[in-house]
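Chemist: Next one to model:
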Amino acid sequence: MSHGARVIRTGSSSGGPGSSSCPPPPGPEPGLLDGGYARSCSAILKVAQMISLLIGFICVKNSPWTNYSASIYFEIVTMCDLIMILVFYFVYLFRAYRMLTCISWPLAEFLHYLIGTLLLLIASIVATSKSYSSAGLVAGATFGFLATFLCALSIWLSYKISCITQSTDAAV
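Modeler: Numbers count the residues shown, from 1 in each chain. Model (predicted):
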């Protein structure tokens, strides 16, 4: 016969549905949106990238053209990058990565940022070299460089997180 301590639960102290003394256990938030992701550093960085790309696009679009091909290239690169960042933002915000398991989302996002950052850097350099003192093109190129920096920061953060995760998994 065991003489250890026993826990006796009654209806009022069990923490069941009727009791409000204990908060619910932490876990994924119910619902369609992932509120934790919307407040994360990664999401805020994506929003900052989208805003800087949109401002850069508007500046170049509303400036007088001195070199049509340079401004069109900058506009295409900024809009494609903006759309892809928006897609990744919505994938993580609506938790679509759980349903689409055939895609490696971290790898897809890493490759997108790698290629998009390189193209955005080239577009910003071309826009700067062809600006000829046009204020709109200079402002657009400046926001393009800011978006390039933010995208490079995203690459570094995702690489840092994946390397830390892999190294701790290997040690366990």
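Chemist: Now do the contacts for the residue nearest the centre of the chain.
Modeler: The residue lying closest to the centre of the chain (CA atoms, centre = their mean) is Lys46, at 3.8 Å. For Lys46, the contact set (CB atoms under 8 Å, 6 or more residues apart in numbering) comprises Ile85, Phe88, Tyr89, Ser154. For glycine as for every other residue, the C-beta is placed from the backbone atoms N, C-alpha and C.
Chemist: now do Tyr89
Modeler: Tyr89 neighbours (CB under 8 Å, 6+ apart): Ala43, Lys46, Val47, Met50.
Chemist: Which among these count as buried?
Modeler: Ala43, Lys46, Met50 (16 or more other CB atoms under 10 Å).
Chemist: Pick out whichever of the residues you listed sits closest to Tyr159.
Modeler: For these, the closest approach to Tyr159 (CB to CB) belongs to Lys46, at 16.3 Å.
Chemist: How about the host helix or strand of the closest one, which residues are buried there?
Modeler: Here Lys46 is covered by helix 41-61, with elements defined by DSSP states H and E. Neighbour counts over helix 41-61 (16+ other CB under 10 Å) mark 42-43, 45-46, 49-50, 52-53, 55-61 as buried.
Chemist: I'd like the average pLDDT over it.
Modeler: Helix 41-61 shows a mean pLDDT of 95 in the predicted model.
Chemist: which intervals of the protein have sub-threshold pLDDT?
Modeler: 1-30, 66, 160-172 (pLDDT under 70).
Chemist: where do the helices sit along it?
Modeler: Along the chain, counting by DSSP state H, helices occupy 35-38, 41-61, 68-93, 105-129, 135-171.
Chemist: Which one, of the ones you listed, ends up nearest to Met99?
Modeler: helix 68-93 (9.8 Å).
Chemist: Would you pull up how far the closest one lies from the middle of the chain?
Modeler: 13 Å (CA atoms, centre = their mean, to the nearest Å).
Chemist: orientation of that helix relative to helix 41-61 in degrees?
Modeler: 160 degrees (axes from the mean of the first three to the mean of the last three CA atoms, to 10 degrees).
Chemist: How about helix 68-93, which residues are buried there?
Modeler: 70-71, 73-75, 77-78, 81-82, 84-85, 88-89, 91-93.
Chemist: got the angle for it vs helix 105-129?
Modeler: Going by the same axes, to 10 degrees, helix 68-93 makes 160 degrees with helix 105-129.
Chemist: count of residues packed around the nearest residue to Tyr92 once chain neighbours are set aside?
Modeler: Using CB to CB, 6 or more residues apart in numbering and skipping the chain neighbours, the partner closest in space to Tyr92 is Tyr37 (5.2 Å). For Tyr37, the neighbour count with other CB atoms under 10 Å is 16.
Chemist: Alright, I will stop here.
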